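**Student:** Can you look at this prediction? I've put the sequence above it.
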Amino acid sequence: MEKCISDKTAAIIIEPIQGEAGVHAAGQEFLVRLREVCDQQEILLIFDEVQRGNLVELGNIFIMKYEVIPDILTRLKALVGHAHWCDINKK
């Protein structure tokens with residue numbers, strides 16, 4: 001991932017759980033390393049939680065489970081039933 005970062009990189013946005021082609025979750029090691037790199041390079045880390053806007057997985061908040069807190073978290077579908085509305089949270 002470091003090869004993709006330049007002095008013009010302001011933020012990295014990822015979808016921790018990708019749901020378009022099946023359910024594929026980013027691994028804990030990847031997310032932890034991504035957070036470290038963003039902190040070192042002073043880059044914002046943005047999680048796009050469009051597929052899992054409620055962030056609840058069997059009683060656990062997903063991002064807390066992986067001990068990675070994004071700078072910005074976007075949520076949409078799970079909050080409003082696919083209506084055109086967005087909720088953005090930042091730390």
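**Tutor:** Noted; the coordinates are in hand. Residues are numbered from 1 along each chain as shown.

**Student:** The host helix or strand of residue 74 pairs with which strands, and in what direction?
**Tutor:** Under the criterion of DSSP states H and E, residue 74 resides in strand 72-75. Applying DSSP bridges to the sheet, strand 72-75 is found paired with strand 44-49 (parallel), strand 87-90 (antiparallel).

**Student:** Just list whatever residues bridge to residue 44.
**Tutor:** Residue 44 has these beta-bridge partners by DSSP bridges: residue 11.

**Student:** Tally up the residues packed near residue 17, please.
**Tutor:** Counted with other C-beta atoms under 10 Å, the neighbours of residue 17 add up to 18. Where C-beta positions appear, they are placed from N, C-alpha and C, glycine not excepted.

**Student:** do the same with residue 43
**Tutor:** Neighbourhood size, residue 43 [other C-beta under 10 Å]: 16.

**Student:** Now for the spatially closest residue to residue 9 that is not a sequence neighbour: which residues touch it?
**Tutor:** For residue 9, ignoring the flanking residues on the chain, the nearest one in space by C-beta to C-beta, 6 or more residues apart in numbering is residue 43 at 5.6 Å. Contacts of residue 43 were listed using C-beta atoms under 8 Å, 6 or more residues apart in numbering, and they are 5, 9, 10, 11, 12, 37.

**Student:** Scan the chain for its longest helix.
**Tutor:** Counting residues, the longest helix in the chain under DSSP state H turns out to be helix 28-41.

**Student:** what comes up buried for it?
**Tutor:** Using 16 or more other C-beta atoms under 10 Å as the test for burial, helix 28-41 gives 31, 34, 35, 37, 38.

**Student:** Any chance you could list what contacts that helix?
**Tutor:** By C-beta under 8 Å, 6+ apart, the list of residues contacting helix 28-41 from outside reads 1-2, 5, 9, 12, 14, 16, 43-45, 66-69, 71.
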